[in-house]
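>>> my questions concern the predicted model and sequence given below.
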Amino acid sequence: MTTTTRRPRGATKPAAPPRARPERERGTRTPGAPAATATKTRPAARPVKRAAPARRHTPPRAPFLLLICGLLAGALVSLLLLNAVLAEDAFALTRLQQSNKLLAQQKQALEIELAREESPERLAQRAEALGMQRPTRLAFIDGVTGQVIGGQVRPVPHAAAAAAGAAGVVGIPGAVVPGDGVPAAVPAKP
């Protein structure tokens with residue numbers, strides 16, 4: 001027969017001797033920890049059949065992928081069109097710059113030709129070609145003596161001839177221009 005003794009209240013169980021642990025559990029225990037805290041292995045239990053959880057309905061992925069592909073394709077086409085427009089503008093800009101250079105060269109050539117045509121020598125040559133006479137010497141009148149110094153002076157026409165010439169200039173035949181030796185009409189007194 002065996003005797004059993006009762007433990008007094010508050011007494012703890014004696015510690016069990018440490019058992020050999022399987023290879024996978026050996027590295028999990030920290031040194032200095034009591035052996036009672038080591039995990040115990042259970043024999044493999046038979047799987048319990050559970051009811052299959054209800055599958056959540058996920059939206060289909062095809063429309064989303066088509067949307068993303070469409071957006072990427074649209075962005076690519078837009079980028080290509082923008083690039084083509086910018087390239088066309090660059091060609092137009094280059095063409096206009098070349099045209100501007102050509103026009104600037106033509107302007108410079110015309111300014112040089114104009115300066116050459118405006119020179120006094122060239123003007124004198126053209127005047128002679130048109131039949132104009134070149135004055136040989138200028139004539140001056142001495143204010144004190146009234147004599148002509150230098151070249152010849154053209155004679156002044158008679159006053160009546162000057163008045164007739166002035167009337168022709170005005171455009172009215174037979175008109176008398178006052179101040180050319182012809183007295184002005186005196187208004188009648190009332």
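Cool, the structure landed.
>>> C-alpha only now, for contacts and for neighbours.
Fine.
>>> show me the helices in the chain, by range?
Counting by DSSP state H, the chain has helices at residues 62-117, 120-129, 159-170.
>>> list the buried residues of the shortest one.
Of the residues in helix 120-129, none is buried under the neighbour-count criterion (16 or more other Cα atoms under 10 Å).
>>> report the rounded mean pLDDT for that helix.
Helix 120-129 shows a mean pLDDT of 89.
>>> now the first one
Helix 62-117 comes out with an average pLDDT of 95.
>>> need the helices of the chain in a markdown table (columns: distance to Arg46).
Shown next, in a markdown table, are the helices of the chain (distance: least, Cα to Cα, whole Å):
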| stretch | distance to Arg46 |
| --- | --- |
| helix 62-117 | 42 |
| helix 120-129 | 125 |
| helix 159-170 | 138 |
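>>> deepest in the core, which of those helices is it.
helix 159-170 (a mean of 15; mean count of other Cα atoms under 10 Å).
>>> now do that helix, average pLDDT.
Mean predicted lDDT for helix 159-170 stands at 64.
>>> what's the burial count for Gln147?
10 (other Cα atoms under 10 Å).
>>> OK, contacts around it?
For Gln147, the contacting residues are Ile141, by Cα atoms under 8 Å, 6 or more residues apart in numbering.
>>> any idea how far Ile141 is from it?
6 Å (Cα to Cα, to the nearest Å).
>>> what does Thr58 give?
Taken as Cα to Cα, the span from Thr58 to Ile141 is 119 Å.
>>> those two: which has the busier surroundings?
Ile141 (13 against 6).
>>> what are the bridge partners for that one, then?
In this structure, Ile141 bridges to Val148 when assessed by DSSP bridges.
>>> hang on, it packs against Gly151?
No: using Cα atoms under 8 Å as the test, Ile141 is too far from Gly151 to be in contact (10.0 Å).
>>> about what we covered before: right, and the helices of the chain - which one's nearest Lys49?
Taking Cα to Cα, helix 62-117 is the member of the helices of the chain nearest to Lys49, at 35.2 Å.
>>> and the closest one, what does it pack onto?
Contacts defined by 3 or more Cα pairs under 8 Å, 6 or more residues apart in numbering; DSSP states H and E place helix 62-117 against no helix or strand at all.
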